[in-house]
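Peer 1: the sequence isn't on hand, but the structure is:
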């Protein structure tokens, strides 16, 4: 077991006097149950219920006064009610609407108890805004392992020093890039990371990826009742990996006959399940970065390992010296997008890219930080070739841009091509993306 970064935030939740029941969100098999079991070691009492089990579900569906219900929970697990602190974990909570409604009473009547709920398809089958007790629960997102967690699992914790100290990373750049390339190949699904850490054999991960993909398809059978929608969602689960990191057209997606409206509805279901994100463009150069929903989105998948396996590009990656040369750079964009989401555990965090009006200028990502919108280009080459980034800087009220590349960390003070506007270009090797915000704190001119 390697420690997940989310545990730090969960400990802060525990220490808060105003804590509310926590809804842990994330795709199937990103490690929600494992994280909660690890966190439970920091409590005197731990009660775990899985509402996939009929016995546990029947317990939560019983109509009892809330005080009697809590007493019954402890009695069922043969735990003392007065042993504190106590953590109650309700897994697969989407199977019981009554269990969902009970979360509010833990906040109102038993704030001394710590409650965490989760569910592999929770986001897909429950309209959170309508069904969850608004204002009486809080949310936290668990995603695939970050690069920092990956190197920890591999026993390379000492390398985290160079992530925290980018100036020193130049001395170990080749080693860090080698580790990051391994991360891109393996991905961040915890079971795959653990297996790879044990034997460093890529091929033994095939069974894990296949099981995960079959599990996602099985979830569709279980929860999507509309026959045609069921077919479209399963079609997307099978085909969409091959479009990761690319701008896509919804109508006729994957050479299908499906209409844009149908494909859009299916994609939204998969977004709720946190298997992917449709990243929409913005034309704004300052906050807020509002996505233009009528334009073609960029498709970003859950995980690079699953993407490589499903799209059949793993062999190209294994032999590559630069991931920017593989798959026309799409897997590099997918990897950067995946790392950007690890910067925090906010469920609401979205990614965005920038376009300039109707011309061809496009910046791969823009990131909101400290009330500023920072452009991020994923590209090698000389500074003058970053024309889209230069175009953004010229139109923006900022003087800092970020280029993610395969080269070592550096900071250049340069000028834009047309207007000669001075700005600072932070050249960020892939393995430092997870430290982006701290690097902006130190090196940004804004």
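Peer 2: All right, it came through fine. None of these values were measured; they are calculated from a predicted model. Numbers count the residues shown, from 1 in each chain.

Peer 1: just give me the residue right at the centre of this protein.
Peer 2: residue 143 (4.1 Å; C-alpha atoms, centre = their mean).

Peer 1: and that residue, how far from residue 42?
Peer 2: 22 Å (C-beta to C-beta, to the nearest Å). To be clear about C-beta, it is placed using only N, CA and C from the backbone, and glycine gets the same treatment.

Peer 1: same check, this time on residue 59
Peer 2: 25 Å.

Peer 1: those two: who's more crowded?
Peer 2: residue 59 (18 against 14; other C-beta atoms under 10 Å).

Peer 1: that one belongs to a strand?
Peer 2: No: the assignment for residue 59, made by DSSP: H, G, I helix; E, B strand; the rest coil, is helix rather than a strand.

Peer 1: buried ones in the longest helix along the chain?
Peer 2: For the chain, the helix that runs over the most residues, judged by DSSP state H, is helix 206-223. Under the neighbour-count criterion of 16 or more other C-beta atoms under 10 Å, helix 206-223 has 208-209, 212-213, 216, 219-220, 223 buried.

Peer 1: and the contacts of that helix?
Peer 2: Outside helix 206-223, the residues that touch it by C-beta atoms under 8 Å, 6 or more residues apart in numbering are 28-29, 120-121, 124-125, 189, 191-192, 195, 230, 233-234, 237-238, 273, 275, 305-306, 309-310.

Peer 1: any idea of the mean pLDDT for stretch 371-378?
Peer 2: For stretch 371-378, the mean pLDDT works out to 97.

Peer 1: just stretch 76-93 next, same as before
Peer 2: The model assigns stretch 76-93 a mean pLDDT of 92.

Peer 1: same question, stretch 17-29
Peer 2: 92.

Peer 1: before we move on, the earlier item: state the pair within the buried residues of helix 206-223 that is farthest apart.
Peer 2: 208 and 223 (22.8 Å; C-beta to C-beta).

Peer 1: hang on, isn't residue 338 packed against residue 188?
Peer 2: Yes: taking C-beta atoms under 8 Å as the definition, residue 338 is a contact partner of residue 188 at 6.9 Å.

Peer 1: okay, and the common contacts of these two?
Peer 2: With C-beta under 8 Å, 6+ apart, residue 338 and residue 188 have common neighbours 143-144, 303-304.

Peer 1: show only the entries of the residues you listed found in helices.
Peer 2: residue 304.

Peer 1: which one of the shared contacts of residue 338 and residue 188 is nearest residue 292?
Peer 2: Relative to residue 292, and with distances defined as C-beta to C-beta, the nearest of these is residue 143, at 25.3 Å.

Peer 1: now the phi/psi pair for the closest one, please.
Peer 2: With angles defined as degrees, to the nearest 10, residue 143 sits at phi -120, psi 180.

Peer 1: can you pull the pLDDT of it?
Peer 2: At residue 143, pLDDT is 95.

Peer 1: list the contacts for it?
Peer 2: 26-27, 30, 188, 274, 338, 341-342, 345.

Peer 1: which of those residues fall in helices?
Peer 2: 338, 341.

Peer 1: domains for this protein, by residue range?
Peer 2: 6-141, 206-443 (automatic domain parsing).

Peer 1: can you give me the strands in the stretch 251-400 of the chain?
Peer 2: 276-279, 281-282, 298-301, 352-355, 362-369, 372-378, 400-405 (DSSP state E, counting those that start in this stretch).

Peer 1: need those in CSV with mean neighbour count and distance to residue 151, can you?
Peer 2: Formatted as CSV, these follow (neighbours: other C-beta atoms under 10 Å; distance: least, C-beta to C-beta, whole Å):
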stretch, mean neighbour count, distance to residue 151
strand 276-279, 20, 25
strand 281-282, 20, 33
strand 298-301, 24, 22
strand 352-355, 23, 28
strand 362-369, 21, 23
strand 372-378, 23, 21
strand 400-405, 23, 18
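
Peer 1: nearest to residue 87, of the ones you listed?
Peer 2: strand 276-279 (30.8 Å).

Peer 1: what pairs with that closest one, and is each one parallel or antiparallel?
Peer 2: Applying DSSP bridges, strand 276-279 is found paired with strand 298-301 (antiparallel).

Peer 1: which residues touch the strand it pairs with?
Peer 2: With C-beta under 8 Å, 6+ apart, strand 298-301 has contacts from 240-241, 243-248, 275-281, 307, 333-334, 337-338, 351, 353.

Peer 1: again, but for stretch 25-39
Peer 2: Contacts for stretch 25-39 (C-beta under 8 Å, 6+ apart): 1, 3-4, 6-7, 10-11, 24, 48, 87, 89, 91, 116, 118, 120-123, 139-145, 189-191, 212, 215-216, 219, 273-275, 302, 347.

Peer 1: cool, stretch 431-446 as well?
Peer 2: Contacts of stretch 431-446 (C-beta under 8 Å, 6+ apart): 146-148, 163-164, 166, 169, 176-177, 179-180, 336, 339-340, 342-343, 367, 369-370, 372, 374, 398-400, 402, 404, 409, 411, 423-424, 426, 428.
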